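Asks: could you work out the structure for the sequence below:
(one chain, ligands or ions: 1)
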Amino acid sequence: MSLQKSWVTSANDPESSFPLNNLPYGVFSTGGAARCGVAIGDMILAVDELGPAGIFEAGNWNAFMALGPEAWAGFRAELQNLLKVGAEERPLVAQADATMHMPFAVAEYTDFYAGRQHAENMGEILRGTKGLPANWLHIPIGYNGRASSVVVSGTDIHRPLGQLCAGRFGPCEKLDIELEMGAIVGTGSPMGQPVSVAEADEMIFGYVLLNDWSARDIQGWEYQPLGPFQSKAFATSISPWIVTKAALETFRKPTPPREVELLPYLNESKPGLFDIELSVHLGGEKISGTNATRLYYSAAQQLAHHSIGGCPMRTGDLLGSGTISGPLPAEFGSLMELSWNGEKPFRLANGEARSFIEDGDRLTLKGHAQGEGFRIGFGECAGTILPAINMPDWAN
Ligand code: CA
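Replies: Okay, here's the model as predicted:
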């Protein structure tokens, strides 16, 4: 596939995140109400006059996502016709003039742990043992997170307060990021009915970049035996544009060879990962970079596993992939790994040694799939860390 040309000239730049090939879905405002729109080059086409009547009334993409794959494909074809070179020009909004909002209402949020290098690194750092948990090669491990604290890129986050260890309460001292992909469930499934990996892939509407902000001191104290809780509950950031599965089809890659044969219900029906280059930036400086093909389980496998006991899936469910780290230190997807829990601080270009996030730091995730002469970009997933709120009197 090559670049598909649009009458929006900025979309024809090979470096543009949002060519006609992409058409990601977001929610924006320019002073008034939030509206659904599609990104094209450095512009936005509002879509609330398009599609089935009333489908975008709520100011998010949930009702559209619930329509299912046939409607998704039809609408994408309609947008491609409206925006292709030669089509009649329409009014657009400059992205620079728009404020972005959450593109969908998060129904529920589940975070997985499908990055093998990350799982091995965390095992070594937290437990001092190399190797994976006994179940890791058999099941996509996950935990139920909070939908209430999923926020759109650009939202500032206060450093969380919490219990850091026995007898000690205060602002987190080991604040971290996790570089992840988020899969968004478009169509749900009924309670009691498992879905296959093939069905799961059909249910997924699209993907975003996801930063699972993590309080490592709180996590280290609380995580046994039920897993992360407050260390993850305070915030999760996502990029503002939902990149549709349709835009990523030509970038599919199989999961890595299985070290342990999976049970049949988890076998891939088709390549379920995507060749997406990812990077982490602190301020303006790139501190890490890897690829989404480093994951061991696909979102479709995770969704199938999630439903196997009968758990219903809903439109707007968000599935975090787990932290994506490659084998080299320059490919680690968290500061915990980059600084080896503070034991080996990494250096910024200005010579400053860093281990974890400091107040005022802006952390940004970026990602794109590279085609021949075009990109399927995700935009940015950014957040600035503000100081912790003043401790309430009753907590002192
Ligand atoms: Ca995570």
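
Asks: for the record, mean pLDDT for the helix or strand harbouring Phe169?
Replies: Following DSSP states H and E, the helix or strand that holds Phe169 is strand 168-171. Averaged over strand 168-171, pLDDT sits at 97.

Asks: which strands or helices does that strand pack on?
Replies: Contacts defined by 3 or more Cβ pairs under 8 Å, 6 or more residues apart in numbering; DSSP states H and E place strand 168-171 against strand 161-165. C-beta here means a position set from N, CA and C on the backbone, and glycine is covered the same way.

Asks: who touches Ser153 in this structure?
Replies: By Cβ atoms under 8 Å, 6 or more residues apart in numbering, the contact set of Ser153 is 100, 209, 237-240, 379-383.

Asks: need the phi and psi values for the nearest residue to Arg375 once chain neighbours are set aside.
Replies: Excluding the flanking residues, the one nearest Arg375 by Cβ to Cβ, 6 or more residues apart in numbering is His368, at 4.6 Å. Dihedral angles phi and psi of His368 (degrees, to the nearest 10) take the values phi -160, psi 150.

Asks: against the ion, how distant is His368?
Replies: 22 Å (Cβ to the ion, to the nearest Å).

Asks: which residues does the strand holding Phe169 contact?
Replies: 159-164, 387-388, 391, 395.

Asks: if we use 10 Å, what do you get?
Replies: Contact with strand 168-171 is made by 158-164, 215, 217, 221, 359, 387-389, 391, 395-396, as judged by Cβ atoms under 10 Å, 6 or more residues apart in numbering.

Asks: of those residues, buried ones?
Replies: Burial by neighbour count, 16 or more other Cβ atoms under 10 Å: within the contacts of strand 168-171 this picks out 159-162, 164, 215, 217, 221, 388.

Asks: any chance of the residues you listed in CSV, with distance to the ion and pLDDT too?
Replies: Output for the buried ones among the contacts of strand 168-171, formatted as CSV (distance: Cβ to the ion, whole Å; pLDDT from 0 to 100):
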residue, distance to the ion, pLDDT
Arg159, 18, 98
Pro160, 15, 98
Leu161, 20, 98
Gly162, 17, 97
Leu164, 20, 97
Ala215, 12, 98
Asp217, 16, 97
Trp221, 17, 96
Ala388, 21, 98
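
Asks: quick one, what contacts Gly59?
Replies: Contacts of Gly59 (Cβ under 10 Å, 6+ apart): 27-29, 33-36, 48, 101-102, 105.

Asks: could you write out the alpha-carbon coordinates of stretch 238-245 in PDB?
Replies: The C-alpha trace of stretch 238-245 is given here as PDB (Å, rounded to 0.1, in the frame of the first residue of the first chain):
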ATOM      1  CA  ILE A 238      -4.400   7.600  26.500                       C
ATOM      2  CA  SER A 239      -3.600   9.300  23.200                       C
ATOM      3  CA  PRO A 240      -6.600  11.300  21.800                       C
ATOM      4  CA  TRP A 241      -7.100   9.600  18.400                       C
ATOM      5  CA  ILE A 242      -8.400   6.100  18.100                       C
ATOM      6  CA  VAL A 243      -6.400   4.500  15.300                       C
ATOM      7  CA  THR A 244      -8.800   2.000  13.700                       C
ATOM      8  CA  LYS A 245      -7.900  -1.600  13.200                       C
END
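
Asks: how far out from the middle of the chain is that stretch?
Replies: Relative to the chain's own centre, stretch 238-245 is displaced by 8 Å; criterion: Cα atoms, centre = their mean, to the nearest Å.

Asks: go on, stretch 23-41?
Replies: 19 Å.

Asks: what's the end-to-end length of stretch 335-346?
Replies: Its first and final residues considered, stretch 335-346 spans 9 Å by Cα to Cα, to the nearest Å.

Asks: and for stretch 238-252?
Replies: Termini of stretch 238-252 sit 22 Å apart (Cα to Cα).

Asks: cool, and stretch 111-124?
Replies: 21 Å.

Asks: for that stretch, give the mean pLDDT please.
Replies: Mean predicted lDDT for stretch 111-124 stands at 96.

Asks: in the stretch 201-350 of the chain, which spans are helices?
Replies: Using DSSP state H, counting those that start in this stretch, the helices of the stretch 201-350 of the chain run over 216-222, 230-233, 245-248, 299-307, 335-338.

Asks: mind putting these into a markdown table with distance to Pro190?
Replies: Below are the helices of the stretch 201-350 of the chain laid out as a markdown table (distance: least, Cβ to Cβ, whole Å):
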| stretch | distance to Pro190 |
| --- | --- |
| helix 216-222 | 34 |
| helix 230-233 | 28 |
| helix 245-248 | 22 |
| helix 299-307 | 10 |
| helix 335-338 | 39 |
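
Asks: who's in contact with the residue of the stretch 1-150 of the chain found nearest the ion?
Replies: For the stretch 1-150 of the chain and the ion, the shortest gap (Cβ to the ion) falls at Asp111, measuring 4.6 Å. By Cβ under 10 Å, 6+ apart, the contact list for Asp111 reads 141-146, 178, 180, 182, 210, 212, 227-228, 232, 236, 302, 318-323.
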